[in-house]
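1. Fold the following and give me the result.
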Amino acid sequence: MTTSQQPLTTSPDRVSGSSSPLAGKAALVTGGSRGIGAATAVRLAREGADVAITYVDGKEAATDVVRRVEGLGRRAVALRADAADAREAAEAVERAAGELGGLDVLVNNAGIGVLGPLGTLTAADVDRVLAVNVRGVFLACRAAAGHLAAGGRIITVGTCLTQRVAGPGATLYAMSKSALTGLTKALARELGSRGITANIVHPGPTDTDMNPADGPHAPAQTALTALGRFGDPDEIAAAVAYLAGPDAAYVTGTELSVDGGHAA
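-> Alright, predicted model coming up:
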């Protein structure tokens, strides 16, 4: 087992009674130490939620996210957990619920991308990508279902490549993320009677350290969008926050594209 036994830092106990839409709620954002995950963790805290995040290697970055969340007056916890490990993927949910006193929102953000021509992808590549992008998400959802009550939310981060694949090299990544659409719709049906919603957000090209807007592949990606630009992680986080909040109570089983018109 490689997960840490203690959170990096914590802040005061959860409070409710605020006008913030997520006041009194507890959220887990997997892969929340950077990029879209970090932006989502901070946005949910700004909306009033206490937030747990998972990370694998970026302890310093995770610590920074915790500080930013705490700076908003919310409780924060960072947990080391590798989504590729079946036990850790599920245990992260249990640990987050234990640290925060419950769980109301699960954001499945952790994911990896292995791109390249079909013939260059190895069996090890397939196993790793499916372990993180599919199995880890399924196990986190299953664990979260045991904690979520009416009003609970499961929100998964997909990709615009499930809507439109404009070039070669994305077979494995697109396949893995497409599986999450089926999972989301099935979860919506299975958990709907309990008042729990499940939705998936499909980001377009987004400016992160893994895919910077000034990177070598950026011009081609930008040209594929209707808006002619990369998205900002905060724009993706805003969509997640909407789905996590009370205004989205009647939204479930839905694919929400935040892609700058990539699929238009």
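2. Tell me how far E94 lies from V56.
-> E94 sits 18 Å away from V56, going by C-beta to C-beta, to the nearest Å. (Glycine included, C-beta is placed from N, CA and C.)
3. could you say what helices and strands the longest helix seen in the chain packs with?
-> Counting residues, the longest helix in the chain under DSSP state H turns out to be helix 171-191. Under the contact criterion of 3 or more C-beta pairs under 8 Å, 6 or more residues apart in numbering; DSSP states H and E, helix 171-191 touches helix 123-130, helix 136-145, strand 153-157, strand 197-203.
4. Helix 136-145 and that one, what's the angle between them?
-> Interaxial angle, helix 171-191 versus helix 136-145 (axes from the mean of the first three to the mean of the last three C-alpha atoms, to 10 degrees): 20 degrees.
5. Next, the buried residues of helix 171-191.
-> Residues 171-181, 183-185, 187-188, 191 are the ones in helix 171-191 that count as buried (16 or more other C-beta atoms under 10 Å).
6. circling back to that earlier point, more neighbours: which of E94 and V56?
-> The residue with more neighbours, out of E94 and V56, is V56; 20 against 14, by other C-beta atoms under 10 Å.
7. and that one, what does it touch?
-> R80, A81, D82, A83 (C-beta atoms under 8 Å, 6 or more residues apart in numbering).
8. between those, which is closest to N199?
-> Set against N199, the nearest of the contacts of V56 by C-beta to C-beta is A83 (19.5 Å).
9. Distance check, the closest one against A213.
-> 26 Å.
10. what sits against P205?
-> 160, 211, 213, 218, 221-222, 224-225, 230-231, 259-260, 262.
11. That should have said V42, apologies.
-> Counted by C-beta under 8 Å, 6+ apart, V42 has contacts V65, R68, V69, L72, A237.
12. how about a cut-off of 10 Å?
-> 29, 32, 51, 53, 65, 68-69, 71-72, 74, 76, 233-234, 237 (C-beta atoms under 10 Å, 6 or more residues apart in numbering).
13. need those residues in a markdown table with pLDDT and distance to V114, can you?
-> A markdown table is the format used below for the contacts of V42 (pLDDT from 0 to 100; distance: C-beta to C-beta, whole Å):
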| residue | pLDDT | distance to V114 |
| --- | --- | --- |
| V29 | 98 | 23 |
| G32 | 97 | 21 |
| V51 | 98 | 29 |
| I53 | 98 | 23 |
| V65 | 98 | 25 |
| R68 | 98 | 30 |
| V69 | 98 | 31 |
| G71 | 98 | 35 |
| L72 | 97 | 35 |
| R74 | 98 | 35 |
| A76 | 98 | 31 |
| P233 | 98 | 22 |
| D234 | 98 | 27 |
| A237 | 98 | 25 |
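14. okay, those in a markdown table with distance to G113, neighbour count and secondary structure next?
-> Below are these laid out as a markdown table (distance: C-beta to C-beta, whole Å; neighbours: other C-beta atoms under 10 Å; DSSP: H, G, I helix; E, B strand; the rest coil):
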| residue | distance to G113 | neighbour count | secondary structure |
| --- | --- | --- | --- |
| V29 | 18 | 33 | strand |
| G32 | 17 | 33 | coil |
| V51 | 25 | 32 | strand |
| I53 | 20 | 34 | strand |
| V65 | 21 | 27 | helix |
| R68 | 26 | 17 | helix |
| V69 | 26 | 28 | helix |
| G71 | 31 | 12 | helix |
| L72 | 30 | 18 | coil |
| R74 | 30 | 28 | coil |
| A76 | 27 | 29 | strand |
| P233 | 16 | 21 | helix |
| D234 | 21 | 15 | helix |
| A237 | 19 | 26 | helix |
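15. Counting neighbours, what do you get for T206?
-> With other C-beta under 10 Å as criterion, T206 counts 25.
16. Contact partners for the spatially closest residue to it that is not a sequence neighbour?
-> Nearest non-adjacent residue to T206, counting by C-beta to C-beta, 6 or more residues apart in numbering: G231, 4.4 Å away. For G231, the contact set (C-beta under 10 Å, 6+ apart) comprises 36, 160, 203-208, 213, 225, 258-260, 262.
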